[in-house]
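Peer 1: sharing a model that was predicted from the sequence below.
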Amino acid sequence: EAQVTQNPRYLITVTGKKLTVTCSQNMNHEYMSWYRQDPGLGLRQIYYSMNVEVTDKGDVPEGYKVSRKEKRNFPLILESPSPNQTSLYFCASSQDHQQILYFGPGTRLTVL
Amino acid sequence: GENVEQHPSTLSVQEGDSAVIKCTYSDSASNYFPWYKQELGKRPQLIIDIRSNVGEKKDQRIAVTLNKTAKHFSLHITETQPEDSAVYFCAASMAFGRKLIFGQGTELSVKP
(Lines give C-alpha, C1' and ligand atoms only; values in the text may rest on other atoms or scores of the structure.)
Protein backbone atom coordinates (compact mmCIF):
# COMPACT_ATOMS: atom_id res chain seq x y z
CA GLU A 1 0.00 0.00 0.00
CA ALA A 2 1.32 3.43 -1.01
CA GLN A 3 1.71 5.50 2.11
CA VAL A 4 3.58 8.02 4.21
CA THR A 5 4.32 6.90 7.75
CA GLN A 6 5.41 8.90 10.78
CA ASN A 7 6.61 7.85 14.18
CA PRO A 8 5.83 8.40 16.92
CA ARG A 9 2.19 9.41 16.56
CA TYR A 10 2.10 11.00 20.01
CA LEU A 11 4.96 12.32 22.11
CA ILE A 12 5.14 14.18 25.39
CA THR A 13 8.59 15.43 26.29
CA VAL A 14 10.36 18.07 28.34
CA THR A 15 12.17 21.23 27.34
CA GLY A 16 15.66 20.63 26.01
CA LYS A 17 15.44 16.88 25.44
CA LYS A 18 16.47 16.14 21.86
CA LEU A 19 13.95 14.20 19.80
CA THR A 20 13.50 12.88 16.28
CA VAL A 21 10.27 12.31 14.41
CA THR A 22 10.72 9.86 11.57
CA CYS A 23 9.00 10.05 8.20
CA SER A 24 9.09 7.44 5.49
CA GLN A 25 7.36 7.08 2.11
CA ASN A 26 7.21 4.06 -0.16
CA MET A 27 6.12 5.82 -3.36
CA ASN A 28 9.59 6.75 -4.65
CA HIS A 29 8.65 10.41 -4.35
CA GLU A 30 11.28 13.06 -5.00
CA TYR A 31 9.73 15.84 -2.91
CA MET A 32 9.21 15.66 0.86
CA SER A 33 8.19 18.29 3.35
CA TRP A 34 7.39 18.91 6.99
CA TYR A 35 4.49 21.08 8.20
CA ARG A 36 3.24 22.08 11.58
CA GLN A 37 -0.44 22.75 12.20
CA ASP A 38 -1.59 25.18 14.86
CA PRO A 39 -5.16 26.48 15.43
CA GLY A 40 -5.87 29.55 13.34
CA LEU A 41 -2.52 29.39 11.56
CA GLY A 42 -3.14 26.63 9.06
CA LEU A 43 -0.29 24.45 7.86
CA ARG A 44 3.10 26.11 7.96
CA GLN A 45 6.05 24.64 6.13
CA ILE A 46 9.11 23.90 8.26
CA TYR A 47 11.55 22.35 5.76
CA TYR A 48 11.32 20.73 2.39
CA SER A 49 13.52 18.52 0.24
CA MET A 50 13.55 18.41 -3.53
CA ASN A 51 15.67 15.24 -3.60
CA VAL A 52 18.34 13.28 -1.73
CA GLU A 53 20.83 15.58 -0.01
CA VAL A 54 18.82 18.67 -1.12
CA THR A 55 16.96 20.41 1.69
CA ASP A 56 15.79 23.98 2.22
CA LYS A 57 14.02 26.11 4.77
CA GLY A 58 10.32 26.67 4.73
CA ASP A 59 8.53 29.46 6.56
CA VAL A 60 9.19 28.38 10.16
CA PRO A 61 12.53 26.52 10.28
CA GLU A 62 13.85 27.92 13.56
CA GLY A 63 14.53 25.21 16.12
CA TYR A 64 14.32 22.35 13.62
CA LYS A 65 16.73 20.32 11.53
CA VAL A 66 16.18 17.77 8.78
CA SER A 67 18.23 15.41 6.69
CA ARG A 68 17.60 13.51 3.46
CA LYS A 69 20.21 10.81 3.18
CA GLU A 70 17.87 8.36 1.46
CA LYS A 71 15.00 9.07 -0.90
CA ARG A 72 12.37 7.41 1.28
CA ASN A 73 13.25 8.98 4.66
CA PHE A 74 13.01 12.56 5.89
CA PRO A 75 13.40 12.80 9.68
CA LEU A 76 12.61 15.96 11.63
CA ILE A 77 15.00 16.72 14.49
CA LEU A 78 14.36 19.02 17.42
CA GLU A 79 17.75 19.52 19.07
CA SER A 80 16.41 21.42 22.08
CA PRO A 81 12.60 21.43 22.10
CA SER A 82 10.76 24.33 23.67
CA PRO A 83 7.07 24.68 24.66
CA ASN A 84 6.35 26.84 21.58
CA GLN A 85 7.08 23.76 19.47
CA THR A 86 4.05 22.01 20.91
CA SER A 87 2.04 21.32 17.78
CA LEU A 88 0.67 18.76 15.33
CA TYR A 89 3.32 17.83 12.79
CA PHE A 90 2.70 16.41 9.33
CA CYS A 91 5.19 14.93 6.93
CA ALA A 92 4.19 14.90 3.26
CA SER A 93 5.58 13.71 -0.04
CA SER A 94 4.84 14.14 -3.73
CA GLN A 95 6.22 13.00 -7.04
CA ASP A 96 7.60 16.48 -7.59
CA HIS A 97 7.07 19.86 -6.02
CA GLN A 98 3.86 20.75 -7.84
CA GLN A 99 1.96 17.53 -7.67
CA ILE A 100 -0.44 16.01 -5.16
CA LEU A 101 0.94 16.06 -1.62
CA TYR A 102 0.37 12.86 0.34
CA PHE A 103 0.35 13.49 4.06
CA GLY A 104 1.39 11.19 6.85
CA PRO A 105 -0.97 10.54 9.78
CA GLY A 106 0.52 13.30 11.93
CA THR A 107 2.54 13.46 15.14
CA ARG A 108 1.11 15.29 18.10
CA LEU A 109 4.00 16.71 20.11
CA THR A 110 3.72 18.27 23.55
CA VAL A 111 6.76 19.96 25.07
CA LEU A 112 6.45 20.65 28.79
CA GLY B 1 6.21 38.27 1.78
CA GLU B 2 4.84 34.93 0.72
CA ASN B 3 1.38 34.39 2.08
CA VAL B 4 -2.07 33.08 1.35
CA GLU B 5 -5.12 34.62 2.98
CA GLN B 6 -8.24 32.48 3.34
CA HIS B 7 -11.79 33.53 4.23
CA PRO B 8 -14.00 32.86 6.02
CA SER B 9 -12.43 31.04 8.96
CA THR B 10 -15.75 29.36 9.77
CA LEU B 11 -18.76 28.70 7.57
CA SER B 12 -22.06 27.13 8.50
CA VAL B 13 -24.61 26.12 5.84
CA GLN B 14 -27.75 24.08 5.63
CA GLU B 15 -27.62 20.76 3.83
CA GLY B 16 -28.25 21.31 0.14
CA ASP B 17 -26.97 24.88 0.13
CA SER B 18 -23.79 26.00 -1.61
CA ALA B 19 -20.56 26.94 0.14
CA VAL B 20 -17.86 29.26 -1.15
CA ILE B 21 -14.37 29.69 0.30
CA LYS B 22 -12.05 32.39 -1.01
CA CYS B 23 -8.26 32.76 -1.04
CA THR B 24 -5.84 35.43 -2.15
CA TYR B 25 -2.13 34.97 -2.69
CA SER B 26 0.84 37.29 -2.79
CA ASP B 27 3.22 35.85 -5.41
CA SER B 28 2.23 36.71 -8.97
CA ALA B 29 4.46 33.85 -10.18
CA SER B 30 2.37 31.23 -8.36
CA ASN B 31 1.01 28.71 -10.84
CA TYR B 32 -0.35 25.78 -8.82
CA PHE B 33 -3.38 26.03 -6.49
CA PRO B 34 -4.57 22.92 -4.66
CA TRP B 35 -7.36 22.53 -2.12
CA TYR B 36 -7.15 20.07 0.76
CA LYS B 37 -9.87 18.71 3.01
CA GLN B 38 -9.10 17.66 6.58
CA GLU B 39 -11.71 15.72 8.48
CA LEU B 40 -11.59 15.74 12.26
CA GLY B 41 -8.57 13.85 13.52
CA LYS B 42 -7.42 12.93 10.03
CA ARG B 43 -4.69 14.02 7.67
CA PRO B 44 -5.30 16.59 4.89
CA GLN B 45 -6.24 15.10 1.53
CA LEU B 46 -6.34 16.73 -1.88
CA ILE B 47 -9.82 17.31 -3.26
CA ILE B 48 -9.10 19.42 -6.33
CA ASP B 49 -6.31 21.49 -7.83
CA ILE B 50 -5.96 24.01 -10.63
CA ARG B 51 -3.02 25.34 -12.59
CA SER B 52 -2.57 28.86 -13.85
CA ASN B 53 -3.32 28.07 -17.47
CA VAL B 54 -6.90 27.17 -16.51
CA GLY B 55 -9.59 29.52 -15.19
CA GLU B 56 -12.00 26.96 -13.81
CA LYS B 57 -12.08 23.28 -12.99
CA LYS B 58 -14.98 21.15 -11.87
CA ASP B 59 -15.28 17.71 -10.31
CA GLN B 60 -18.84 16.65 -9.53
CA ARG B 61 -20.09 18.94 -6.74
CA ILE B 62 -16.87 20.87 -6.27
CA ALA B 63 -15.35 23.52 -8.50
CA VAL B 64 -12.44 25.90 -8.28
CA THR B 65 -12.09 29.22 -10.07
CA LEU B 66 -8.89 31.20 -10.54
CA ASN B 67 -8.42 34.88 -11.29
CA LYS B 68 -4.69 35.41 -11.89
CA THR B 69 -5.04 39.13 -12.47
CA ALA B 70 -6.62 39.66 -9.07
CA LYS B 71 -4.52 36.89 -7.49
CA HIS B 72 -7.44 35.08 -5.98
CA PHE B 73 -9.06 31.68 -6.27
CA SER B 74 -12.18 30.15 -4.80
CA LEU B 75 -13.65 26.77 -3.91
CA HIS B 76 -17.32 26.19 -4.61
CA ILE B 77 -19.22 23.24 -3.15
CA THR B 78 -22.77 22.76 -4.38
CA GLU B 79 -25.54 20.66 -2.83
CA THR B 80 -23.62 20.35 0.40
CA GLN B 81 -23.97 17.20 2.49
CA PRO B 82 -23.14 16.54 6.17
CA GLU B 83 -20.07 14.56 5.09
CA ASP B 84 -18.68 17.77 3.56
CA SER B 85 -18.17 19.05 7.12
CA ALA B 86 -14.41 19.45 7.59
CA VAL B 87 -11.62 22.00 7.53
CA TYR B 88 -10.66 23.12 4.04
CA PHE B 89 -7.25 24.55 3.17
CA CYS B 90 -6.28 26.41 0.05
CA ALA B 91 -2.64 26.58 -1.01
CA ALA B 92 -0.46 28.27 -3.60
CA SER B 93 2.95 27.34 -4.93
CA MET B 94 5.72 29.87 -4.37
CA ALA B 95 9.50 30.18 -4.67
CA PHE B 96 9.37 28.84 -8.24
CA GLY B 97 7.11 26.05 -7.07
CA ARG B 98 9.44 24.73 -4.39
CA LYS B 99 7.17 25.81 -1.54
CA LEU B 100 3.48 25.20 -1.03
CA ILE B 101 2.00 27.91 1.20
CA PHE B 102 -1.31 27.13 2.87
CA GLY B 103 -4.11 29.41 3.95
CA GLN B 104 -5.33 29.48 7.53
CA GLY B 105 -8.17 27.06 6.89
CA THR B 106 -11.98 27.23 6.82
CA GLU B 107 -14.06 25.10 9.14
CA LEU B 108 -17.17 24.15 7.19
CA SER B 109 -20.18 22.85 9.06
CA VAL B 110 -23.12 21.42 7.08
CA LYS B 111 -26.25 21.15 9.19
CA PRO B 112 -28.78 18.45 8.29
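Peer 2: All right, it came through fine.

Peer 1: from now on I want contacts and neighbour counts done on CA atoms only, so please keep to that.
Peer 2: OK.

Peer 1: identify the single longest strand in the chain, thanks.
Peer 2: As the question left the chain open, I've gone with chain A. Ordering each strand of chain A by length in residues (DSSP state E) puts strand A:42-51 first.

Peer 1: please go with chain B instead
Peer 2: The strand spanning the most residues in chain B, taking DSSP E as the definition, is strand B:86-94.

Peer 1: tell me the average confidence for it?
Peer 2: Regarding strand B:86-94, the rounded mean pLDDT is 95.

Peer 1: sec struct for A:Asn84, please.
Peer 2: helix (DSSP: H, G, I helix; E, B strand; the rest coil).

Peer 1: tell me who's in contact with it.
Peer 2: A:Val111 (C-alpha atoms under 8 Å, 6 or more residues apart in numbering or on different chains).

Peer 1: could you report the pLDDT at it?
Peer 2: 96.

Peer 1: could you do B:Gln60 as well?
Peer 2: On the pLDDT scale, B:Gln60 gets 95.

Peer 1: neighbours of it, how many?
Peer 2: 7 (other C-alpha atoms under 10 Å in any protein chain shown).

Peer 1: try B:Asp17
Peer 2: Counted with other C-alpha under 10 Å, B:Asp17 comes out at 14.

Peer 1: and it, how far from B:Gly103?
Peer 2: The gap separating B:Asp17 from B:Gly103 is 24 Å, by C-alpha to C-alpha, to the nearest Å.

Peer 1: and the longest strand of chain B, what does it pack onto?
Peer 2: Judged by 3 or more C-alpha pairs under 8 Å, 6 or more residues apart in numbering or on different chains; DSSP states H and E, the packing partners of strand B:86-94 are strand B:4-7, strand B:32-38, strand B:99-102, strand B:106-111.

Peer 1: ok, the last one: who's next to it in the sheet?
Peer 2: Strands flanking strand B:106-111 in the sheet, each with its direction: strand B:10-14 (parallel), strand B:86-94 (antiparallel) (DSSP bridges).

Peer 1: relative to strand A:42-51, how tilted is the longest one?
Peer 2: To tie it back to what came earlier, the one meant is strand B:86-94. Taking axes from the mean of the first three to the mean of the last three C-alpha atoms, to 10 degrees, one finds that strand B:86-94 is oriented at 50 degrees with respect to strand A:42-51.

Peer 1: kindly calculate the angle that strand B:86-94 makes with strand B:32-38.
Peer 2: Going by the same axes, to 10 degrees, strand B:86-94 makes 160 degrees with strand B:32-38.

Peer 1: residues of strand B:86-94 that come out buried?
Peer 2: B:86-94 (16 or more other C-alpha atoms under 10 Å in any protein chain shown).

Peer 1: and those, which two are furthest apart?
Peer 2: B:Ala86 and B:Met94 (25.6 Å; C-alpha to C-alpha).

Peer 1: hmm, back to that, out of the buried residues of strand B:86-94, who's nearest A:Pro39?
Peer 2: Nearest to A:Pro39 among the buried residues of strand B:86-94, with distances taken as C-alpha to C-alpha, is B:Val87, at 11.1 Å.

Peer 1: how much space separates that closest one from A:Tyr10?
Peer 2: Per C-alpha to C-alpha, B:Val87 is found 22 Å from A:Tyr10.
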